[in-house]
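Undergrad: what follows is a predicted structure for the sequence shown.
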Amino acid sequence: MKRIKSLASKGLIASIAALFAVAAGAASVQDKMSKEAIEKRIEPLAQHYVAGEESDQQADAGGTRSGEAVYNQFCAACHTSGVMGAPKINNAGDWGPRLEQGMETVLRHAIEGYNAMPPKGTCSDCSDEEIQAAIDYMTADI
Ligand code: HEC
């Protein structure tokens, strides 16, 4: 009886070990498959971004937004009606004294933020050029 029991437990241990081996094997196959699958999935992108061409590709894909587009998306909320004293679009009275500071200062205030004016007017991924274009758009008819 004792012998049978120990045989049985040996058998059990063996089958547990076999189970682990199968599971480990399956995991590694799955790993390999998903790695291959990922490589296959990113292949078009990996081929697209050839070293050295990256910045061109990104510029093409995103493009520089026009002053009007940036204004409409980010600045209009405050600068159309003059929220919290924001200088209103194309309002000479509002913009006159500000533009007298010089465009360099005005642009710096827009980029860094100025009192209730948030940095970059909340367009955190805007380039300096895009902010400048939005300012130009807001002051074009003055
Ligand atoms: C949350 C409201 C808000 C948004 C959004 C906003 N502004 Fe303003 N902006 C203000 C306020 C308020 C002022 C006036 C700040 C002051 O003079 O105290 C201001 C002032 C300015 C000035 C004048 C700075 C100076 O030197 O007098 C510029 C330029 C400007 N904003 C550009 C922008 C641009 C460009 C955007 C969009 C990308 C934008 N703002 C988005 C509220 C906003």
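TA: Arrived safely, thanks for sending.
Undergrad: flag every buried residue along stretch 130-137.
TA: By 16 or more other Cβ atoms under 10 Å, the buried positions in stretch 130-137 come out as 130, 131, 132, 133, 134, 135, 137. The way it works is simple: take the backbone N, C-alpha and C, and place the C-beta from them, glycine included.
Undergrad: kindly report the same for stretch 91-98.
TA: Neighbour-count burial for stretch 91-98 flags 94, 95, 98 (criterion: 16+ other Cβ under 10 Å).
Undergrad: check those one by one and keep those near the ligand.
TA: Filtering the buried residues of stretch 91-98 for neighbours of the ligand using Cβ under 6 Å from any ligand atom leaves residue 98.
Undergrad: return the member of the buried residues of stretch 91-98 nearest to the ligand.
TA: In terms of Cβ to the nearest ligand atom, no member of these lies closer to the ligand than residue 98, at 3.7 Å.
Undergrad: tell me which element the closest one falls in.
TA: Following DSSP states H and E, one finds residue 98 within helix 92-99.
Undergrad: so what touches stretch 112-121?
TA: Contacts to stretch 112-121, defined as Cβ atoms under 8 Å, 6 or more residues apart in numbering, come from residues 74, 75, 78, 84, 85, 86, 109, 110, 111, 126, 131, 134.
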